[in-house]
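> Got a predicted structure here, sequence first:
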Amino acid sequence: MTFFVTISHSLASVTASHGRRALRSAGVSSVGYWQLGTLFVALYLAVERATFAYQLDGLGITLWSPSAGLSLALLMTAGISYAPFVLAASLITDYAVYSGPRGWVAPIATSLVLTGGLVALALVLKTRLHLARPRLSHVWILLAVVPSGTLIIALAYCLVLYVTDQLSSWSFDRAVRNFWIGDTLGIITVLPVAATVFASVSRASRQAIRHGVIEVAFFSMALAAALWVIFGLKTASEAQFFYLLFLPIVWTAARHGFAGVAIALLSTHVALIAVVTVQGYAAPDFIAFQMLMLVLSVTGLLLGAAVTESRASEERLRDQRSELARAARHALVGATGTALAHEISQPLSSATNYLHAASRMLQAQPHADPSIAEALAKARSEAQRARETLQRVRDYVSCGRLALSSVDVEALTARIVSLIGAEAGSRGVEIRVSSAPHLPNIQGDAIQLEQLLLNLISNAIDAAAQGAKAQGRVAVHLVQQRDRIVVSVDDNGPGIAEHIADRLFEPFETTKQSGMGLGLALARQIVEAHTGELRVENRAAQGARFSVALNIDGPRRRHGN
Ligand code: ADP
């Protein structure tokens, strides 16, 4: 499972703090690959079982296919690494739910076709749809891409059935049509809801899921009890105790806001319709229930929206506060850094010069004790280290003013790697650089960009060297993505430690004994000054990935500037 922090020029502060939250929530306790995959398979089977009644000629082609929407949602939100679960769910369904003498070739081949098609569809949709931030254009994309994709899948699926003698030529086009429309309907109706559910489940901690299950059970019991009192007691009028349904709805709205209450209302509606149907109410009786349900829905939605809104403003306030605290800390670091650099650099230079002179004087003495020269050399190297530390503070403080020029990022990276490659090699770390062909130069501050990449690559080397792997590896990759160059730095170290993930980009936050914790703070400043984007993610059991996206045309003007 991956998690990431994004820092982009727009709303840099807000995004960073949201990112920090994402980072925090995705810890060791996150729901794992197998849990989410198993949850998906269970849902898939349940949904297939529910739609089973409509299947065409025992071929698994149903009137509508919500399981396709479910699969696509999983592949899009959790990643295509979940494809084996889609394949498994489809195969199990074939054997456990659908009937008929079908052998094993047809189920395996159709499941492969279905999974492959859905993976391709997920890849196409993923780059164009942002279900977390839906826009009208996304709906159009959904309506254009999904039917085209499902038509291809339907044709391939039915072709496999035909070739394996499961489908006669005369029912071929009917099967394609049903499968195509069924999948399209299933995907368009289920994908938005399922994507939201999977995204929150894959982000939630195990404890949150446990709570979720308890709450759903509690809600279901409360709903069942209310329905039993309303319909089971056989009072003069069912509407008499209808107000009992308000309790679980109000409770859910207060706890889970708009999204929670929307699901609760849907469940209540479905349960109510089921009871009304089973009890065989005549259509004219419905009006009382319909009016009561309408009032229940309006109350629930209004309350839910109010709760969600007040939570959002609380969150905004918290973000603003932490942003203010960050700005104050930065100002303090800036002021202290400038004062210290000014006060210390002069005496430090003099001390270095004196040490240098003393070494020379010693060299002129033929019988001098060699241990004195050694001690002087050590003192000089310590003074040098102090100067470098000071320089890092200065870099951090003075960053922000850009000297723009045309920068060849590929050459810059090669230079950095040639500078530090040998040292990395001596620590058992191999650095590989790969880049897409014909990358254009970008407008940027060459010195700052060198500093930025140097910090990221040095950190990756440190991480790879301390990792448990026998061979430390750092891979730097450069590509062009539209009007940006993206440099990603991967390592096979232990990944970002959870306890520092929240404050990774804060100055003086470090887990290294001799670290200053300024590298990433400076990297963030440089990226912000270039109006670029900096992301960090932990790749499941593979170490960390930092990636920087920089505009080819240089820093963009900020709004209001
Ligand atoms: P420093 O390198 O001096 O510690 P940085 O600001 O560069 O300061 O990094 C801060 C911290 O971020 C590091 O101490 C380390 O814990 C974490 N970190 C940075 N890069 C990586 C990486 N590639 N893998 C794991 N942790 C990292």
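Thanks, I have it. Numbering: from 1, shown residues only.

> mean confidence for the helix or strand hosting L301?
Taking DSSP states H and E as the criterion, L301 maps to helix 286-364. What helix 286-364 shows for mean pLDDT is 84.

> and the helix or strand containing R473, which strands flank it?
R473 is part of strand 472-481 when elements are defined by DSSP H and E. Using DSSP bridges, strand 472-481 pairs in its sheet with strand 429-435 (parallel), strand 484-491 (antiparallel).

> Quick check: next helix or strand after the helix holding L301?
That would be, after helix 286-364 and using DSSP H and E, helix 370-398.

> ok so, going back, residues of the strand holding R473 that come out buried?
Neighbour counts over strand 472-481 (16 or more other CB atoms under 10 Å) mark 472-478, 480 as buried. Where you see a C-beta, it was placed from the backbone N, CA and C, and this is true even at glycine.

> do stretch 152-163 as well
In stretch 152-163, counting by 16+ other CB under 10 Å, buried: 153-162.

> Kindly export that stretch (C-alpha atoms) in CSV.
Extracted C-alpha coordinates of stretch 152-163, given in CSV (Å, rounded to 0.1, in the frame of the first residue of the first chain):
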residue,chain,number,x,y,z
ILE,A,152,-14.9,-4.4,-26.4
ILE,A,153,-15.0,-6.6,-23.3
ALA,A,154,-18.4,-7.9,-24.2
LEU,A,155,-17.3,-8.8,-27.7
ALA,A,156,-14.2,-10.6,-26.4
TYR,A,157,-16.1,-12.3,-23.6
CYS,A,158,-18.9,-13.6,-25.9
LEU,A,159,-16.3,-14.6,-28.5
VAL,A,160,-14.6,-16.8,-25.9
LEU,A,161,-18.0,-18.3,-25.1
TYR,A,162,-18.7,-18.9,-28.7
VAL,A,163,-15.4,-20.5,-29.4
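
> Within range of the ligand, give me the residues from this structure.
Proximity of the chain to the ligand, by CB under 6 Å from any ligand atom, involves residues 455, 459-460, 463, 491, 493, 495-497, 500, 504, 509-512, 515-521, 544.

> Buried ones only from the residues you listed, please, as a PyMOL command.
The buried residues among the residues of the chain next to the ligand can be selected in PyMOL (16+ other CB under 10 Å) with this line:
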select buried, resi 455+459+460+463+491+493+495+496+504+509+516+517+518+519+520+521+544
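
> Mark which of the residues of the chain next to the ligand are part of helices, please.
The helices, defined by DSSP state H, take in 455, 459-460, 463, 500, 519-521 from these.

> Out of the residues you listed, which comes closest to F231?
I500 (56.3 Å; CB to CB).

> From F546, how far off is the closest residue to the ligand within the chain?
With CB to the nearest ligand atom, the shortest gap between the chain and the ligand falls at G519, namely 2.4 Å. Counting by CB to CB, to the nearest Å, the gap from G519 to F546 is 11 Å.

> who touches both of those two?
Listed contacts common to G519 and F546 are 456, 459; contacts here mean CB atoms under 8 Å, 6 or more residues apart in numbering.

> Stretch 372-390: which residues count as buried?
Residues 376, 379-380, 383, 387, 390 are the ones in stretch 372-390 that count as buried (16+ other CB under 10 Å).

> Kindly reformat those as TSV containing pLDDT.
Putting the buried residues of stretch 372-390 into TSV (pLDDT from 0 to 100) gives the following:
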residue	pLDDT
L376	90
A379	90
R380	89
A383	87
R387	83
L390	78
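
> Can you lay out these as TSV showing distance to T531?
Shown next, in TSV, are the buried residues of stretch 372-390 (distance: CB to CB, whole Å):
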residue	distance to T531
L376	48
A379	44
R380	41
A383	38
R387	32
L390	29
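
> what about the nearest residue to L520 once chain neighbours are set aside, neighbour count?
Excluding its sequence neighbours, the residue lying closest to L520 (CB to CB, 6 or more residues apart in numbering) is F505, at 5.1 Å. Each residue near F505 was counted by other CB atoms under 10 Å, and the total is 23.

> Mind pulling up the pLDDT for F505?
pLDDT recorded at F505 is 89.

> next structured bit after the helix-or-strand element of the chain with minimal mean pLDDT?
Least confident helix or strand, the chain: helix 12-25 with a mean of 35, by mean pLDDT, DSSP states H and E. Beyond helix 12-25 on the C-terminal side, the first helix or strand identified by DSSP H and E is helix 33-51.

> For that following helix, buried residues please.
Using 16+ other CB under 10 Å as the test for burial, helix 33-51 gives 33, 36-37, 39-41, 43-45, 47-48, 51.

> which residues touch the very next helix or strand once past that helix?
Sequence-wise, the next helix or strand downstream of helix 33-51 (DSSP H and E) is helix 66-77. With contact meaning CB under 8 Å, 6+ apart, helix 66-77 is reached by 36, 40, 43-44, 47-48, 51, 82-83, 85-86, 89, 93, 114-115, 118-119, 121-122, 125-126, 129, 131, 150, 182-183, 186-191, 194-195, 197-199, 202.

> In helices, which of those appear?
36, 40, 43-44, 47-48, 51, 83, 85-86, 89, 93, 114-115, 118-119, 121-122, 125-126, 150, 182-183, 186-191, 194-195, 197-199, 202.

> out of those residues, which are buried?
Neighbour counting with 16+ other CB under 10 Å marks 36, 40, 43-44, 47-48, 51, 83, 85-86, 89, 93, 114-115, 118-119, 121-122, 125-126, 150, 182-183, 186-188, 190-191, 194-195, 197-199, 202 as buried within the ones in helices among the contacts of helix 66-77.

> In three-state terms, label A468 for me.
coil (DSSP: H, G, I helix; E, B strand; the rest coil).

> How about it: what's its closest non-neighbour residue?
Closest to A468 by CB to CB, 6+ apart is P494, at 7.2 Å.

> Quickly note the distance from that neighbour to I461.
Applying CB to CB, the value for P494 to I461 is 13 Å.

> Which of those two has more residues huddled nearby?
For P494 and I461, the more surrounded residue by other CB under 10 Å is I461, and the numbers stand at 26 against 16.

> Could you say which helix or strand holds the nearest residue to that one once chain neighbours are set aside?
Leaving out its chain neighbours, the residue that sits closest to I461 by CB to CB, 6+ apart is A424, at 4.6 Å. In this assignment (DSSP H and E), A424 forms part of helix 409-426.

> same question for that helix, mean pLDDT?
pLDDT averaged over helix 409-426 gives 91.

> just how off-centre is that helix within its chain?
30 Å (CA atoms, centre = their mean, to the nearest Å).

> Tell me the helices and strands packed up against that helix.
strand 429-435, helix 446-466, strand 472-481, strand 484-491 (3 or more CB pairs under 8 Å, 6 or more residues apart in numbering; DSSP states H and E).
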